[in-house]
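Trainee: mind folding the following:
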Amino acid sequence: MTDTLPIDSIAASVPAQGLAQLKDLSLDQVISSLATDLSRFAISLAAAILVFYVGRFIITRLYTITEHILSKRQVDASLVTFVLSFVRIVLYFILIVSVIGILGIETSSFLALFASAGVAVGMALSGTLQNFAGGVLILALKPYRVGDYIEAQGFAGTVKKIEIFNTVITTPDNKTIIIPNGGLSTGAINNSTTQNYRRIEWKIGISYGDNVERAREVILSMLTSDSRVVTNPAANEGFPAPVVYLASLDDSAVTLTIRAWVRSGDFWDVFFHFNEQFYNQLPTRAGVSFPFPQMDVHVHPDTTCKG
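Mentor: Residues are numbered from 1 along each chain as shown. I've put the predicted structure just below:
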């Protein structure tokens with residue numbers, strides 16, 4: 001047997017003021033009120049549809065303008081895709097919220113829900129978002145490009161790939177290193193590829209008593225005979241010819257500093273080549289010797305000792 005609620009209890013659940021208003025309205029008035037509400041809703045619906053299509057047209061135009069600006073500035077393709085997608089999502093979100101508001105639906109709680117969710121996601125993914133923001137900055141500002149040789153975060157290698165979250169480099173011994181973009185965007189980066197020329201510096205110690213001038217002549221002759229070394233500043237962007245300085249008088253050696261400019265791509269080949277050439281040729285051609293750390297010990301007879 002099913003229980004049925006009395007009519008009085010149903011009536012009691014309806015606000016008394018609403019029932020009183022319904023009792024006072026005639027059928028024509030009820031129909032007129034419904035017609036008014038329907039007409040208002042129809043107007044709101046028409047306005048919402050109009051706003052939606054106009055907004056979509058504006059979004060399309062803004063999307064095209066943004067794409068044109070990014071392509072004109074030669075922004076990285078991966079960054080262009082991200083920016084365009086982000087712009088479209090944000091604009092459509094604003095458009096949908098506006099349309100919902102025109103229809104008379106309360107949007108404050110809707111926006112509060114999204115804001116709370118955004119804060120929660122941001123706190124949970126703080127490190128990932130930092131890398132994401134760093135990737136956007138790197139792709140936009142371009143402190144380095146694919147193919148550049150960089151030193152950063154304790155690693156050195158050639159950049160193979162720049163992604164939104166990470167940068168992939170290959171070390172000289174062919175190891176693949178994946179570095180988060182967050183640290184790269186805020187830390188120091190040594191990019192050795194941005195300039196066409198680099199300076200090589202050697203420090204060589206020769207013995208006291210060796211002819212420094214003769215050593216300088218032989219070293220300069222060796223360097224200027226190599227076509228990879230800059231010898232004509234006018235033809236090489238003004239970079240100077242090789243020089244040799246007497247840098248310091250150390251405990252066991254006279255230290256010479258040798259500086260020469262080469263193209264960036266020849267840096268390591270020239271550096272290691274002349275390391276070997278200086279060692280092999282300077283003793284025979286310049287008559288110098290390479291000293292090693294030594295200490296002179298003077299022994300004095302003990303005159304106080306009695307036999």
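Trainee: just the pLDDT for the residue lying closest to Thr224 once chain neighbours are set aside.
Mentor: Residue nearest to Thr224 in three dimensions, not counting chain neighbours: Thr231, with 5.0 Å by CB to CB, 6 or more residues apart in numbering. Every C-beta, even on glycine, is put in place using the N, C-alpha and C of the backbone. Thr231 carries a pLDDT value of 89.
Trainee: please enumerate the strands of the stretch 201-307 of the chain.
Mentor: Taking DSSP state E, counting those that start in this stretch to define them, one finds strands in the stretch 201-307 of the chain at 243-249, 254-263.
Trainee: quick one: these as a markdown table, columns for distance to Phe52 too.
Mentor: Putting the strands of the stretch 201-307 of the chain into a markdown table (distance: least, CB to CB, whole Å) gives the following:
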| stretch | distance to Phe52 |
| --- | --- |
| strand 243-249 | 72 |
| strand 254-263 | 59 |
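Trainee: among these, which is the most enclosed?
Mentor: Among the strands of the stretch 201-307 of the chain, strand 254-263 has the highest mean neighbour count (mean count of other CB atoms under 10 Å), at a mean of 20.
Trainee: that strand packs against which elements?
Mentor: When contacts are defined as 3 or more CB pairs under 8 Å, 6 or more residues apart in numbering; DSSP states H and E, strand 254-263 packs onto strand 197-206, helix 212-224, strand 243-249.
Trainee: in this protein, where is pLDDT below threshold?
Mentor: 1-30, 33, 37, 76-79, 107, 110-111, 121-127, 295-296, 302-307 (pLDDT under 70).
Trainee: what's the residue nearest to Thr224 in contact with, if anything?
Mentor: Going by CB atoms under 8 Å, 6 or more residues apart in numbering, Thr231 touches 223-224, 241-242.
Trainee: what's the answer for Phe274, then?
Mentor: For Phe274, the contact set (CB under 8 Å, 6+ apart) comprises 200, 202, 222-223, 226.
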